[in-house]
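In: could you work out the structure for the sequence below:
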Amino acid sequence: MRRGLVRGVRYFVLHPVALIAVIALIVIVVVGVVAAPLYIGAIPGVTGLRSQTAPSATEDYLRGHRDFNADLVWNSLDADAQSRLTSQGDSRDDIQQQMDAAKQRGSQIAEMSYIGGKTLPDGTSMQFYLVGVRQQPGANVDYQPYMFTLDRDGKIAKVQ
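Out: Numbering: from 1, shown residues only. The predicted structure follows:
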């Protein structure tokens, strides 16, 4: 250890330009780390990518699936989405039956991670999640991306 330190000091004494270059590099890195938070918002698209908190409709939707509560899921949908489901023959009770069957199989949401969201010019928004699903007890978690389209009122219009 001591020998390496002596060699390093000797090198920088014999090559002062190398010492100046190392000091300059350290200063540049420190300034970059300190100044980055000030300029990150100036990068196009970064400021609108992540909202402060996850929307309540998406949280209710996923919590409803996690807790097998069809009321939470149904109430998180906007009127058009509810109408589409009804026209396809699905209702809140049908969703509950599907959830009860999934619960009996041991299927469950193991993790929900809010990635971020983006408000669109028409007042709607897109919200992004990574959801970990376990298909049966003891199985590995399978991660699936979820993309929600919210209407102007913050209700779910579409789930992808």
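
In: how much space between the residue lying closest to residue 134 once chain neighbours are set aside and residue 135?
Out: Leaving aside its chain neighbours, residue 134 sits nearest to residue 110 (4.8 Å; criterion: Cβ to Cβ, 6 or more residues apart in numbering). Every residue, glycine included, has its C-beta placed from N, CA and C. Using Cβ to Cβ, to the nearest Å, residue 110 is found at 10 Å from residue 135.

In: do residue 85 as well
Out: Residue 85 is 23 Å from residue 135, by Cβ to Cβ.

In: which of those two has more residues huddled nearby?
Out: Using other Cβ atoms under 10 Å as the criterion, residue 85 and residue 135 rank with residue 85 on top: 16 against 13.

In: same question for the strand or helix carrying that one, mean pLDDT?
Out: Assigned by DSSP states H and E, residue 85 belongs to helix 79-87. Mean per-residue pLDDT for helix 79-87: 94.

In: tell me the buried residues in it?
Out: 81, 82, 85 (16 or more other Cβ atoms under 10 Å).

In: could you export those residues as CSV, including distance to residue 147?
Out: Compiled in CSV, these are given as follows (distance: Cβ to Cβ, whole Å):
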residue, distance to residue 147
81, 14
82, 19
85, 18
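
In: thanks a lot, see you next time.
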